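A.B. asks: Kindly generate the corresponding structure for this input.
(2 chains)
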There are 2 protein chains.
Amino acid sequence: MSTAEIIAVGSELLLGGRIDTNSLFLSKSLAEHGIEVRFKSVVGDNVDDIGVAVTNAVKRAKLVLITGGLGPTVDDVTHEAVALITGKPLRLRPRALESITTRLQAAGRPVTQNQRRQAFLPTGAVLLHNPSGIAPGFAVKWKRSWIVCLPGVSHEARRMCAESLLPLLRQEGLLSSAIETRTIHTFGLLEGEIDMRLRGIISPTSPFRLGLLASPLGVSVSFTRSENIQRKQAGKRSVMKTAASLDSLMDAVIAKLGQHVFSINGQTMEEVVGQQLRDRGLAVALAESCTGGLIAHRLTQVAGSSAYVDRGVVCYSNRAKIELLGVPEPLLKKYGAVSAQVAKAMAQGIRTRSKADVGLSVTGIAGPGGGTANKPVGLVYVGLATAQVSYTNEFRFHGEREAIKLRSSQAALDVLRRWLCHVS
Amino acid sequence: MSTAEIIAVGSELLLGGRIDTNSLFLSKSLAEHGIEVRFKSVVGDNVDDIGVAVTNAVKRAKLVLITGGLGPTVDDVTHEAVALITGKPLRLRPRALESITTRLQAAGRPVTQNQRRQAFLPTGAVLLHNPSGIAPGFAVKWKRSWIVCLPGVSHEARRMCAESLLPLLRQEGLLSSAIETRTIHTFGLLEGEIDMRLRGIISPTSPFRLGLLASPLGVSVSFTRSENIQRKQAGKRSVMKTAASLDSLMDAVIAKLGQHVFSINGQTMEEVVGQQLRDRGLAVALAESCTGGLIAHRLTQVAGSSAYVDRGVVCYSNRAKIELLGVPEPLLKKYGAVSAQVAKAMAQGIRTRSKADVGLSVTGIAGPGGGTANKPVGLVYVGLATAQVSYTNEFRFHGEREAIKLRSSQAALDVLRRWLCHVS
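C.D. replies: All right, here's what the predicted structure looks like:
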């Protein structure tokens, strides 16, 4: 398997206003073709800084992929940096100039001196055609590595990756079969608890590496075939054994994590719940207090959700809870708006009024204000009501307002998911 | 000015499934305190790879900021990598263990052997308290640089940056005045239109560089003092002249872009509208169809929003529009749910029923299905109603479902903002 490094060039990527998103799809495309990205870096529009990054990268990787800095302005210096490092001086490449000219003329714009600069490539470089933009890309072989430069504009780089870069790498024999990876998404367990449950599930000689990743939406568990271990194995037989063991490994992990697993195919919680509702022909109605519409927003991000999202109400105030959901005022006075009793009444209220199959409610304290000793910031109740049953769950989350809203929405959808698992 | 490098640790950041977003706010915070980030890099959970990245970074920067790899699992190896590189062996730090224990006990969870590992820090390291999570951070001085390790969990790193990192850097004399940058947020103009309006506004000798960045939330226009030009200038006088010209430049830009400018101090649209409502003592009630709760969610992301968000309803179906808002059925039949007439009736309905000061409504086709020749995907109506006036605006957006929802929510909030500008 070959390794690659990606270098994103652009001062705007360092200032905190913007992020390098190109490396996301480039890493993915390369992984799908068996090339592992081992380092990614971001440098400013500066010849020296680009030079240092490329020099370091060439020592480690067979493919050094640079994005950005190919534009017409004076701060675009990637051509220059690569020419300096490799000792291959820039020369006007007539075919590059021709494609720049054609494109600009089609748009009714003049070919300026700056735009001509984009046609100067390091001597001996392979020209990479840019079918959706002006700046041509190029590739230079240096010290047994390929240095490939693509524009920073995302849709241009994406298309050139598929149409020029991958064919070049294939021709050079750098591509192989995809890096195998699988991810399981869980909710309700801490990273450390999952680690304990999965202890020993991967033997020291297993070709897979386990990775855990925590976020307010839960912990994801991923398995990737580890390159180093794979190298030690030999022959076709061990590869086949490995493939079989990935399936049994997944089964073993799911058995250990049980109901906490909500997705094994990359689906988000809202997609999983949406699919369950659709399969069962059920509709949900939402009553949101502290999540402020986030659950409705997430469910309706999924195309076709109008089939199962009946309606939602966002009711911060007691008056809205009384008017929109019929929560009894004495209940609010006795237990407070953030209570299991009110969560239950909210779920029942939205269900009865909407006549939807399921009512789902959330009430809690998202902070930063509003917490007390008895009811701290992060205390959240989720209620679920159907024609037959109604119940509530209490959660205690930590974090800032945004994280608490996000965790609460995920917890509420998880309550709904678990209920739907038992409905045929 | 000091320079910094940021290293994000995590194999998941290399595989193309996830992106390093921490460096975004870290770069910004550092820039605000005069520290320029010159390189950013991403490495996997691998002791050797982290070591190489740190060794390279220490050669160039006074501050090397590492995020991630501080968790309790076996693939979290940042502690180990930093200990190896600096030759400062890991030792149990009782205060770190104490805070881990306290936090786990409060959550009713056991302290596992793995969690104890998180309390082993390089000898002599400064312990950085993590008030919103388990993993402590730490800072080590090595070869005249500071190596600082923060958790990868975003809200934890964010808070520790403000509460621990910046104070440490201040104490070490590494902070100075901010890198001058200003950003203007606009909505309703295309990038190309802004480019045309601002043509020639910056002279070739100006020390500022103009940057435009388009997103579904609008186009942001930023000015950054260019370091290279600044270096060529000398003496206090030219710096003062520059400062004065930044203000007049901002004034000139605002004059060219007019009402399309919604924020000049970094505030988001929901913060701007929230502040306007609060200042005027007004409350808004929302009736959302195609935005599915996104407007309510965005407004309630702002702390204290319960003061001015009265309530919201999410009404996809005609039945919900009739029952929750009192939209007349004949209107729905005659004009269709996606029409100026229904948008207006929705805004009036939510206002009358809630008795809030302003009713704001959105109805449209987010896609991918549901579009027709007359009413294509992306057609959106926003309605606004008060006791005195009611009106609607038509928009035609392009993009995928998520982008259309986001643009629609921004358009609706912008309609509200423009109305609020005229209310004293």
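A.B. asks: Apart from its chain neighbours, what residue comes closest to A:Leu165?
C.D. replies: The shortest distance from A:Leu165 to any residue other than its chain neighbours is 6.0 Å, reached at A:Val148 (Cβ to Cβ, 6 or more residues apart in numbering or on different chains). Yep, even glycine has a C-beta here, placed from its N, CA and C like the rest.
A.B. asks: Correction: the previous question concerned A:Asp76.
C.D. replies: If you skip the residues right next to it in sequence, A:Asp76 has A:Gly69 as its closest partner in space, 4.9 Å away by Cβ to Cβ, 6+ apart.
A.B. asks: Now name the helix or strand holding A:Thr55.
C.D. replies: Assignment of secondary structure by DSSP states H and E places A:Thr55 within helix A:47-60.
A.B. asks: And that helix, what's buried?
C.D. replies: Along helix A:47-60, these residues count as buried under the neighbour rule (16 or more other Cβ atoms under 10 Å in any protein chain shown): A:47, A:49-54, A:56-58.
A.B. asks: ok, now stretch A:140-153?
C.D. replies: Using 16+ other Cβ under 10 Å, the residues of stretch A:140-153 that count as buried are A:140, A:142, A:145-153.
A.B. asks: could I get the residues you listed as JSON lines with pLDDT?
C.D. replies: Conversion of those to JSON lines gives the following (pLDDT from 0 to 100):
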{"residue": "A:Val140", "pLDDT": "97"}
{"residue": "A:Trp142", "pLDDT": "94"}
{"residue": "A:Ser145", "pLDDT": "95"}
{"residue": "A:Trp146", "pLDDT": "96"}
{"residue": "A:Ile147", "pLDDT": "97"}
{"residue": "A:Val148", "pLDDT": "97"}
{"residue": "A:Cys149", "pLDDT": "97"}
{"residue": "A:Leu150", "pLDDT": "97"}
{"residue": "A:Pro151", "pLDDT": "92"}
{"residue": "A:Gly152", "pLDDT": "89"}
{"residue": "A:Val153", "pLDDT": "84"}
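A.B. asks: circling back to that earlier point, ok, the residue nearest to A:Leu165 - contacts?
C.D. replies: A:63-66, A:128, A:137-140, A:165, A:168 (Cβ atoms under 8 Å, 6 or more residues apart in numbering or on different chains).
A.B. asks: Identify those among these that sit within strands.
C.D. replies: The members of the contacts of A:Val148 that map onto strands under DSSP state E are A:63-66, A:128, A:137-140.
A.B. asks: Just list what the helix or strand where A:Ser222 lies packs against, helices and strands only.
C.D. replies: Take DSSP H and E as the rule and A:Ser222 turns out to sit in strand A:218-225. For strand A:218-225, the elements it packs on are strand A:181-186, helix A:191-197, strand A:208-215, helix A:235-257, judged by 3 or more Cβ pairs under 8 Å, 6 or more residues apart in numbering or on different chains; DSSP states H and E.
A.B. asks: residues making contact with it?
C.D. replies: A:179-191, A:194, A:198, A:207-213, A:242, A:246, A:249-250, A:253, A:257, A:262, A:269, A:410, B:11-12, B:15, B:17.
A.B. asks: Can you pull up the residues of the stretch 51-200 of chain A that come close to chain B?
C.D. replies: With Cβ under 8 Å from any Cβ of the partner chain as the criterion, the stretch 51-200 of chain A meets chain B at residues A:52-53, A:56, A:60, A:75, A:179, A:181, A:183, A:190-193, A:195-196.
A.B. asks: which among those residues end up buried?
C.D. replies: The neighbour count (16+ other Cβ under 10 Å) marks A:52-53, A:56, A:75, A:179, A:181, A:183, A:190-193, A:195-196 as buried among those.
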